[in-house]
Every structure is written in C-alpha cells, then in structure tokens.
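In: Okay, predicted coordinates and the sequence, questions at the end:
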Amino acid sequence: MSNPTHTNRLINETSPYLRQHAHNPVDWYPWGEEALATARAEDKPILLSVGYSACHWCHVMERESFEDEETAQVMNNYFVNIKVDREERPDIDAIYMQAVQALTQHGGWPMTVFLTPQGEPFYGGTYFPPEPRYGMPSFQQLLEAMHDVWINRRDDAVTSARELASQLSQAAEIPPSNISLTTQLLDRAAASIKQRFDARNGGWGSAPKFPAPQTIDFLLRSYLRHNDQTALQQVETTLLKMAYGGMYDQLGGGFHRYSVDERWLVPHYEKMLYDNAQLARVYLHAYQLTGNAEYRRIVEETLDYVKREMTAPEGGYYAAQDADSEGIEGKFFVWSLAEVRQALGEDAALFAQIYDVTAQGNWEHTNILHLPRPLEDIARVTGKPVEWLREVVERGKRALFAIREQRIRPGLDDKVLANWNGLMLGAMAEAGRVLGRSDYLESARRNAEFVLTTMHRDNRLLHTYKDGQAKIQGFLSDYALYADGLIALYRATFETRWLIAAQSMAEHLLDHF
C-alpha cells in the first residue's frame, strides 16, 4: 500500500485510478495547465504515466516503482510527473498512444511517455520493471537515461519530438475518398474475416484473444443478408466457446476483458462495462436469430451481474471491476479442489468433473471454472440424465457463489462514463424489450434519467461523473453512443422524450464534431 504520510495533488481528483496514486511518494500532478506551466518554468521534461483502475500491470508498476521512495526521488528530482486516467481523458491517451506506437511499434498500459515541457513526446513505452528483465532496462535506468538525454543531448530530443509530432499530424489528416460503402465491400470484409477463423477454439486470429463483439455482429448481419451459413457457424462456435470458457464468469455472470490463450480459458480478470454491454447485445441478437436458450441465459446472467454489482443507487453504470484482490490477480475468481469438496459435499466430484477442477489446477495451481465439454458428453460418460446434471450444476454454482461473496472483492471503479453508459443503456433497453424483462427496462429508464439530469448541462453532455461531480466536456463517442442508447430505449418504450433527447445529442454532434 502507498504510505499515507505522503499525499500529492491527486487527492483532490475524483477518478478512482488517480486517487489510487494520491499517497505515492511521487509528486504527481493531474493533467492540466499547472503541470505544464511548472515544466516550462523549471525547464524539466515531463514524465507522463497513463493507465486505468482495472489494469493489472498498472498496479504492478505502482507497487514496484511508484511506491518506492528511491525511485520516487529520482522522478521528483528530474521530471514533472503527470498521471492520467485513460478512461477519463481518452483524448490524451489516444494522442500519446499514437506516439508510443510510432516509437516502439507496440502499445499498452501502463503507458510511460517522456515529453518536452511543451508536451511533445521524445521517448515512450509501456511497463518497465524495477530491475532489468524481459530484455528491458529497469525503470530507474530509464529515468537516468532520459535525464542524461535532456541534459546532454537536448537538441536531439527536441528535434526528434518535433519530427514525431509532425508525422503524427500528417497521419491524422484523412484524405477525401470517392470509395462508396457498398454491399460488395461489406461482403469482401466478411470474407476476409472468415479466413482468419479458429475452427478449433472459435474466435479470429491467435492469442491473446479479444471477444470482438463488433466482428460477431458484423457476421450475423452477413448471415441475414445472404443466409451465410459459414458466418453463422463461426459466430455460434465463438459464442459458445467464450460462454463455456474461463473468460466468462461461470458463477456471477459477466465477461472478463480478454483471454491470454487461444482457448478462452485464462482471462485478464478485469470486467469492463463496455465489453459486457456489447457482448450482452450480440448474444441477444444470436438468441433472436437461433432461439438457442444458452444465448438467452448468458444475456440475462450478464445483465443481472451489471444490475447487481455495476449499478449506482442513482442509476449510473460503473466503469469497471478490477482484476486484483488482496494484491493478487484473479484471486477472487479461482478455486482449489479442496475448497470445492468442502463446499459441495457429495456433489463435489461430479461438479469438479464438469468444470475441470483438479488437484493440480489449470492455472497457477488453482482452478478457473470452465466447461471443456457439453453436459451431454458428461451424461453419456456417467449415465446420468442431462436434467439431473443441470440440477447438480445449479446447486454447485449457488453454493460457490455464496462462498465467493464472503471473499475480499476486487476493486470497483465507480465513476460513470457517458459513452460506456450509452452502450449499457442500449443493451438493457433492447434486452428488456426482446426478453420481456421489465426490470431491465426500469434500469434503462433510471440510467437515462440520471444521465440527462446530472451529466447533461447547458445542452452539453459531460464525459464523467463521480462523487457528485460531473466534469470534462463530452467527446464524440459520448454523444454518439448515448444517443444510440436513447434510441434503443425509445424503441422499447415508445416514450418520445427519449427520442427527443437523442435527436438533440445528434444535432449537437453534427454541429461540434
């Protein structure tokens, strides 16, 4: 834990991620004119660190480097240090991520960027370890090297920064195109996607695997246009593999962020609101097309999770649930065979067989619950009826969930983001309409009322809300996604106030973006 005897400027911020660093010995500034003016006045380069609250490696770098007194002293002596929550300031994150990718050919979080006092990047990367490893220098070595560059080779750094800024500016200029968006172009895109399908495990490409809800929905539309059975088969394989894998929380519902392996077994354990909103919607669409009750189950378990754990009393939807609890990645979600036996008694052996729970474990000597084979296969092996097996599964899930609720929970990023709330508003509204779930419609209504009264001021949408404060002018994605959510709510209720609000946001978007 950070030493509470240290308190820096981040203590005055509302972002949970920034406040996590408020007691670091690092003299952090939030992004703003004070930090930039200090860098210019003191003629110091800026060390910009960008992350988000549910990021596992962000927590690791904080523990290893930002909480270390010696490292903090070097940072404070040589740099003006700025910490940014990428979810709160996606504009800043996007600008400097482009720079890091141009410099290193990769990107990610935590993002570490060295800037001139004018804010121009001259070097960057992602995570840096406290000691040299993974082919990387230690973070302290990097700090010393960047200080040396600034003192002894400043002209080179400034020239490099200006050249990079010019390159990025040119790359951002999109030339006009005379290419029309035709069905033929969409069909070529679908054909290209289908060529990359992993027939064994579902999904497209190789590890790490992200759920790619936009790809799934795109292929569902290809199926609708052309009765494209290959597209539907790829979608169904992917949806079931994800739903039965460790990337899906088999006890509490909801999806983790992505799978580190190609089998959807080992997740990055954070749960993001935007992932669950989009995935709930594509499972809903698959249910509408196929009638497969498994897809409906996933939709309802996911949205029930959001209602239970990711919804503020006022109606806003929280941003994310952390990957770590008690400083350990995934600890909240995994099980030992002994724990399962103690909890389930005579059902334990069969439950363990169904969910691949073993003494040696399937991840770091623990077990990620997943379904490697359908219940029908277990029924053939055991001679037990499928319905009887389902009863064992449901009893076991209820018992383990109740025990898990007593564990120390992962951290919760309880800020409310307009764009991500728009995604979840749309999912709740559409699912409420299609599935006849009045509780989902009520959740959607309460969210819309909250955002329109609390995060909508002077006909402008604000990006973030936390602790009674709505702030930061909305970005294009805030207006576009929240308007889309309002349209879904109108379609579900035919209450014209939602359509009027959506139209107002669309007009503002066209006027200002």
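Out: Nice, thanks for sending it over.

In: Every contact and neighbour count from this point should use C-alpha atoms.
Out: Will do.

In: who touches L143 in this structure?
Out: For L143, the contact set (Cα atoms under 8 Å, 6 or more residues apart in numbering) comprises V74, M75.

In: That one: which element?
Out: Using DSSP states H and E, L143 sits in helix 139-152.

In: got the residue ranges for the helices in the stretch 1-150 of the chain?
Out: Taking DSSP state H, counting those that start in this stretch as the test, the helices found in the stretch 1-150 of the chain are 16-20, 33-42, 56-61, 69-78, 90-104, 139-152.

In: Now mean pLDDT too, for those, in TSV please.
Out: Formatted as TSV, these follow (pLDDT from 0 to 100):
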stretch	mean pLDDT
helix 16-20	97
helix 33-42	98
helix 56-61	94
helix 69-78	98
helix 90-104	96
helix 139-152	97
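
In: between those helices, which one is nearest to E449?
Out: helix 16-20 (24.0 Å; Cα to Cα).

In: circling back: looking at the helices of the stretch 1-150 of the chain, which is closest to H365?
Out: Among the helices of the stretch 1-150 of the chain, helix 56-61 comes nearest to H365, with 19.5 Å by Cα to Cα.

In: Which strands or helices does that closest one pack on?
Out: Of the remaining helices and strands, none touches helix 56-61 by 3 or more Cα pairs under 8 Å, 6 or more residues apart in numbering; DSSP states H and E.

In: re the thing from before, just the angle for the helix holding L143 relative to helix 69-78, thanks.
Out: Here the directions of helix 139-152 and helix 69-78 differ by 20 degrees (axes from the mean of the first three to the mean of the last three Cα atoms, to 10 degrees).

In: tell me the average confidence for stretch 444-458?
Out: Stretch 444-458 carries an average pLDDT of 97.

In: Figure out how far whichever helix or strand comes after the helix holding L143 is from the centre of its chain.
Out: Later in the chain than helix 139-152, the nearest helix or strand by DSSP H and E is helix 154-172. Centroid separation for helix 154-172 versus its chain: 31 Å, with Cα atoms, centre = their mean, to the nearest Å.

In: which helices and strands sit right next to helix 154-172?
Out: helix 90-104, strand 121-125.

In: mind saving the C-alpha coords of that helix as PDB?
Out: Extracted in PDB, the C-alpha atoms of helix 154-172 (Å, rounded to 0.1, in the frame of the first residue of the first chain):
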ATOM      1  CA  ARG A 154      18.500  18.100 -25.600                       C
ATOM      2  CA  ASP A 155      18.700  19.300 -29.100                       C
ATOM      3  CA  ASP A 156      18.400  15.800 -30.400                       C
ATOM      4  CA  ALA A 157      15.400  15.100 -28.100                       C
ATOM      5  CA  VAL A 158      13.600  18.300 -29.200                       C
ATOM      6  CA  THR A 159      14.300  17.700 -32.900                       C
ATOM      7  CA  SER A 160      13.000  14.100 -32.500                       C
ATOM      8  CA  ALA A 161       9.900  15.300 -30.700                       C
ATOM      9  CA  ARG A 162       9.100  17.900 -33.300                       C
ATOM     10  CA  GLU A 163       9.600  15.400 -36.200                       C
ATOM     11  CA  LEU A 164       7.400  12.900 -34.500                       C
ATOM     12  CA  ALA A 165       4.700  15.500 -33.800                       C
ATOM     13  CA  SER A 166       4.800  16.500 -37.500                       C
ATOM     14  CA  GLN A 167       4.500  12.800 -38.600                       C
ATOM     15  CA  LEU A 168       1.500  12.200 -36.300                       C
ATOM     16  CA  SER A 169      -0.200  15.400 -37.500                       C
ATOM     17  CA  GLN A 170       0.200  14.300 -41.100                       C
ATOM     18  CA  ALA A 171      -1.000  10.800 -40.400                       C
ATOM     19  CA  ALA A 172      -4.100  12.300 -38.700                       C
END
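
In: Just the residues contacting it, thanks.
Out: Q98, A99, L115, T116, E120, P121, F122, V149, W150.

In: Report all helices and strands that the helix or strand that comes right after it contacts.
Out: Where DSSP H and E defines the elements, the next helix or strand beyond helix 154-172 is helix 183-195. Other elements packing on helix 183-195 under the criterion 3+ Cα pairs under 8 Å, 6+ apart are helix 213-226, helix 229-244.

In: moving C-terminal of the longest one, what's the next helix or strand?
Out: Read it as helix 229-244. strand 258-259.

In: What's the first helix or strand after that next one?
Out: strand 267-268.

In: neighbouring strands for that following strand, and are they parallel or not?
Out: Partner strands and pairing direction for strand 267-268 (DSSP bridges) are strand 258-259 (antiparallel).

In: for the record, mean pLDDT for the partner strand?
Out: Mean per-residue pLDDT for strand 258-259: 97.

In: With stretch 395-414 instead?
Out: 98.

In: send the alpha carbons of it over as PDB?
Out: This file holds the C-alpha atoms of stretch 395-414, laid out as PDB (Å, rounded to 0.1, in the frame of the first residue of the first chain):
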ATOM      1  CA  ARG A 395     -26.800 -26.300  -6.800                       C
ATOM      2  CA  GLY A 396     -23.000 -26.100  -7.000                       C
ATOM      3  CA  LYS A 397     -22.900 -22.700  -8.600                       C
ATOM      4  CA  ARG A 398     -25.300 -21.200  -6.000                       C
ATOM      5  CA  ALA A 399     -23.200 -22.700  -3.200                       C
ATOM      6  CA  LEU A 400     -19.800 -21.500  -4.600                       C
ATOM      7  CA  PHE A 401     -21.200 -18.100  -5.400                       C
ATOM      8  CA  ALA A 402     -22.400 -17.700  -1.800                       C
ATOM      9  CA  ILE A 403     -19.000 -18.600  -0.500                       C
ATOM     10  CA  ARG A 404     -17.300 -16.300  -3.000                       C
ATOM     11  CA  GLU A 405     -19.400 -13.400  -1.800                       C
ATOM     12  CA  GLN A 406     -17.600 -13.600   1.500                       C
ATOM     13  CA  ARG A 407     -14.200 -13.100  -0.100                       C
ATOM     14  CA  ILE A 408     -12.400  -9.800  -0.400                       C
ATOM     15  CA  ARG A 409     -13.800  -8.300  -3.600                       C
ATOM     16  CA  PRO A 410     -11.700  -6.800  -6.400                       C
ATOM     17  CA  GLY A 411     -11.600  -3.000  -6.500                       C
ATOM     18  CA  LEU A 412     -14.500  -1.200  -8.200                       C
ATOM     19  CA  ASP A 413     -14.000   1.800 -10.400                       C
ATOM     20  CA  ASP A 414     -17.300   3.600  -9.600                       C
END
